[in-house]
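Visitor: here's a sequence, model it:
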Amino acid sequence: MGAETGRRWRIAAMEHDRSATLATALGVSPLLAHLLLQRGCATPEAARAFLEAPLSALHDPLRMTGMAEAVARLQQAISQHQPIWVCGDFDVDGVTGIALLVGGLTHAGADVTYAVPNRHEHGYGLPTAIVHQAADAGGRLLVTVDHGISSIESAILARQRGLDLIICDHHLPPPVLPPATAILNPRQPGCRYPFQDLCGVGIAFKLIQALYGPAAQEECWPLLDLVTLGTVADLVPLLGENRILVKHGLGYLAATTRPGILALAEVAGAKLSEPGWATPGRIGFGLAPRINAAGRLTDAGIAVRLLLTTDIAEARQIATELDKHNKDRQLLEIGILESALAETAATHDLARDRAIVAAASDWHPGVLGIVASRLVERFNRPTALIAITGDTARGSVRTACGLHVADTLTRCGDLLTAHGGHRAAGGFSLPAAGIAAFRERFLAVAAETIADEALEPTLGIDAEASLDALDLSITDALAPHGLGNPAPVFATRQVQVMRFPRRVGKNHLKIRVRQTGGEKVIEAIGFNLGEYVDPLEAAIAPQVDLAYVPERNVWNGQESLQLRIRDLRPLPDPPRP
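Guide: Numbering: from 1, shown residues only. This is a model prediction of the structure:
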C-alpha cells in the first residue's frame, strides 16, 4: 500500500492530565498512556488488560448461546463413532476453520471428513450438494464454519436427510435462523457472549475449547497458528479476544511445525522464525493471499490439504501450486483493476456519488473483493464490483467511510438472491437484469448514511513526536496491529532529509532523516513515493514535515528502527543570503 499523501492531517489532542495520571498508575510514558486513551483504555485496569492480553482472559466458551448443545452432540458422535462432516467457506477464514476442526476433532477421537464448496460452482453458503454428499456417505453430524447462518434451505434438507447440524458462523444473522442442533454465532439475538467480533475460525476454536474442557486447555494452544492466519486474513478487529488470540498465536505461528505452513512460508519468502518477522501485516501480505488464491481461481480444497498434511514433500508441492495460482490471481487483478477504473470513470460522478457500483461480463468473480479494496484505497468510497455470467451476477463489497456492509446488503435484500457479510466486507448474488436497480439502491443508502466529512481525505495522527526520543517499545507494547488497532502514526515537523534521497524498487522513496537540531539519523521508506526523489535532490537544504509509523526492519538477522512514511510535506528552501 502506498503512502497516503495529500490528506488533511487530523492530530489527536493530548489530554495531558489524564495521560499523566494513567502513566503514573501504569509506570509507562505519558505518550504510551495517551495512545492507550486513544484506544479506549480509560482506566488502569482496562489498560493493563489491553497491554497484557493473557490467554487466561479468554471468555468461557460455554457463555456462547448453543455451545453446550454443540458440545453434547459432538461428544455423542465421538462416543458412538458417528461420522462427522465439516464444511467451511472457501476463503482463508473458512479454510483455516476446516483445518482446525478436522485436527481438533480428530485429536478428540472423532471420525471426521471435510468438504469445501467451490466458489464458482456453489457460490456462498452451505451448498445442498454437500448436504446430499454427507448424507449419502453415512454422515450423522454436519458442522459448518464461516458460513451457514443464512443457509435455511440446506439446513432444512439436512434435517430431512437425517443429518444433525452445528453452525459456526460470524456473519450477520437473517431475521429467521436456520433449523439446527446448535448455532454458534455471537451476533445472533439473545446471545450474551461478551465479544461479537470473532471470525469463523475463532468460533471454531471456541468450540474445540469447550469440547476439550478446562482441564485440557493447553491442548488447544497449538491450534492458534490457524486461528491467527484466519483472523488476520478476515480483517476482523484486532481487539478483545481477537487481540489475545493473535498476540499469542503469532508466537505459535513463528514456532509452528505444521508442514503446510512451513512450505507456504518457503514459497512466500517468509522468515517465520526470525525475531519480529511474524506480524499481521506480513501474514496478510505474504501467506494469506496464497491460501486465498485456491478458492478464488480453482478449488479451496487444496489449501485445506496443505494445512492438514503431515508430509513436507506433499506440502511443498501444494504450496508451489498455490504460489502459481497467486501469481495468476495478481495478473487477473491488474486487468480487472484497469477495467474497473474505466467503468467507474464512465458511470460515476465521484463529486456526487458516495459509493461505487460497477459491473462487467469479463471480470473473474474470484478477485472482485481484492479489486474492490484497491478502489476503496484510491477513492475512499464503499465499492461493490459485480461479475456478470449470463442471466446471473455475483458481487463483492468492501467498505469505507464507516458504511456497514452487511446492514447495507440487508437493505438491498429484496433485489438480491443471496447475500452475507459483516461490517467491513460482504458478497451477494442477483439477476443480471437487476444490477441497475441495485446500483441505485446501494448509492441511495450510501448517500443517506455517509456524512460529508467522512469523504474528505484525512490522515489520523496519534501524536507529534521527537525523532530523538523514538524507539520501538511503544509500538511493540500496542501490537499486534490491524483493523481496530492500527499501528500508531506519529508526526514530526521540520525533519532534515540527509543526502542522498534515492529511488528503490519500482517507485519507492528511501531517505535518511534527522530532526532539526537533533542527533539520531533514521532510515525512512515511502512506498510509491519515488516522485519525491528529484525535488528533494534539487533542494538546497531539504526539509519535510513527516507523518510515519515506526517499525522494526529486520535484514540479515539485524534489527533496526525504520520509519514507514504515511505522508510527506516538503518545506520550501530557506531564502538565499
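Visitor: which ones are touching residue 120?
Guide: 365-366 (Cβ atoms under 8 Å, 6 or more residues apart in numbering). (Each C-beta comes from the backbone N, C-alpha and C, glycine too.)
Visitor: let me know the secondary structure of it.
Guide: helix (DSSP: H, G, I helix; E, B strand; the rest coil).
Visitor: what about the helix or strand where residue 242 lies, distance to the chain center?
Guide: Assigned by DSSP states H and E, residue 242 belongs to helix 240-254. In terms of Cα atoms, centre = their mean, to the nearest Å, the centre of helix 240-254 is found 14 Å from the chain centre.
Visitor: same question, stretch 25-36
Guide: How far stretch 25-36 lies from its chain's middle: 28 Å, per Cα atoms, centre = their mean.
Visitor: what bridges to residue 358?
Guide: Residue 358 has these beta-bridge partners by DSSP bridges: residue 385.
Visitor: could you do residue 509 as well?
Guide: residue 503, residue 526.
Visitor: distance of it relative to residue 518?
Guide: Noted for residue 509: a distance of 21 Å to residue 518, by Cβ to Cβ, to the nearest Å.
Visitor: show me where the stretch 401-550 of the chain dips below the pLDDT cut-off.
Guide: Along the stretch 401-550 of the chain, no part satisfies pLDDT under 70.
Visitor: lowest average confidence, helix or strand, in the protein?
Guide: Counting by mean pLDDT, DSSP states H and E, the chain has its least confident helix or strand at helix 119-122, which shows a mean of 76.
Visitor: show me what the helix or strand just after that one is packed up against.
Guide: Following helix 119-122 in sequence order, the next helix or strand is helix 128-136 (DSSP H and E). Here helix 128-136 touches strand 84-88, strand 112-115, helix 152-160, going by 3 or more Cβ pairs under 8 Å, 6 or more residues apart in numbering; DSSP states H and E.
Visitor: return the most buried member of these.
Guide: Using mean count of other Cβ atoms under 10 Å, the stretch among these with the largest mean neighbour count is strand 84-88, at a mean of 28.
Visitor: pLDDT on that strand, on average?
Guide: Per-residue pLDDT over strand 84-88 has a mean of 97.
Visitor: relative to that strand, what are the paired strands and their orientations?
Guide: strand 112-115 (parallel), strand 141-145 (parallel).
Visitor: Throw the ones you listed into TSV and include distance to residue 101, thanks.
Guide: Output for these, formatted as TSV (distance: least, Cβ to Cβ, whole Å):
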stretch	distance to residue 101
strand 112-115	7
strand 141-145	6
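Visitor: CSV for those, including mean pLDDT and distance to residue 83?
Guide: Below are the strands paired with strand 84-88 laid out as CSV (pLDDT from 0 to 100; distance: least, Cβ to Cβ, whole Å):
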stretch, mean pLDDT, distance to residue 83
strand 112-115, 97, 7
strand 141-145, 98, 8
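Visitor: ok, which of those strands comes nearest residue 122?
Guide: strand 112-115 (10.2 Å; Cβ to Cβ).
Visitor: hmm, who's touching the closest one?
Guide: By Cβ under 8 Å, 6+ apart, strand 112-115 touches 83-88, 98, 101-102, 105-106, 130, 133-134, 137, 139, 301, 304.
Visitor: list the buried residues of stretch 407-419.
Guide: Across stretch 407-419, burial judged by 16 or more other Cβ atoms under 10 Å covers 408-412, 415-416, 418-419.
Visitor: output that stretch as CSV, nothing but the C-alphas.
Guide: Extracted in CSV, the C-alpha atoms of stretch 407-419 (Å, rounded to 0.1, in the frame of the first residue of the first chain):
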residue,chain,number,x,y,z
ASP,A,407,-26.6,-3.8,7.0
THR,A,408,-26.4,-2.2,3.6
LEU,A,409,-26.8,-5.5,1.7
THR,A,410,-29.8,-6.3,4.0
ARG,A,411,-31.4,-3.0,3.0
CYS,A,412,-30.9,-4.1,-0.6
GLY,A,413,-32.1,-7.7,0.2
ASP,A,414,-35.3,-7.7,-1.9
LEU,A,415,-33.1,-7.1,-5.0
LEU,A,416,-30.7,-10.0,-4.2
THR,A,417,-31.0,-13.8,-4.5
ALA,A,418,-28.4,-14.2,-1.7
HIS,A,419,-26.1,-12.1,0.4
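Visitor: for residue 28, helix, strand, or coil?
Guide: When classified by three-state DSSP, residue 28 comes out as coil.
Visitor: do the one 5 residues further on as well
Guide: Following three-state DSSP, the label given to residue 33 is helix.
Visitor: identify the residues contacting it.
Guide: 18-20, 22-23, 26, 47.
Visitor: repeat for residue 530
Guide: Residues counted as contacts of residue 530 (Cβ under 8 Å, 6+ apart) are 503, 506-509.
Visitor: if you set the cut-off to 7 Å instead, what comes out?
Guide: 503, 507-509 (Cβ atoms under 7 Å, 6 or more residues apart in numbering).
Visitor: just give me the longest helix of the chain.
Guide: Across the chain, the longest stretch assigned as helix under DSSP state H is helix 312-347.
Visitor: check which residues of it are buried.
Guide: 315-316, 318-319, 321-323, 325-326, 328-329, 332-333, 336-337, 339-341, 343-344.
Visitor: from residue 308, how far out is the closest residue to residue 312 other than its chain neighbours?
Guide: Spatial nearest neighbour of residue 312, chain neighbours left out: residue 259 (4.4 Å); criterion: Cβ to Cβ, 6 or more residues apart in numbering. Separation of residue 259 from residue 308 (Cβ to Cβ): 9 Å.
Visitor: with residue 188 instead?
Guide: Using Cβ to Cβ, residue 188 is found at 29 Å from residue 308.
Visitor: what's the spacing between the residue most central in space within the chain and residue 179?
Guide: The centre of the chain sits closest to residue 235, judged by Cα atoms, centre = their mean, with a distance of 2.0 Å. Applying Cβ to Cβ, one obtains 31 Å for the distance of residue 235 from residue 179.
Visitor: all helices of the stretch 151-300 of the chain, in order?
Guide: Assigned by DSSP state H, counting those that start in this stretch, the helices in the stretch 151-300 of the chain fall at 152-160, 200-212, 224-233, 240-254, 259-268, 280-282, 288-297.
Visitor: if anything else comes up later, I'll come back, but that's it for now.
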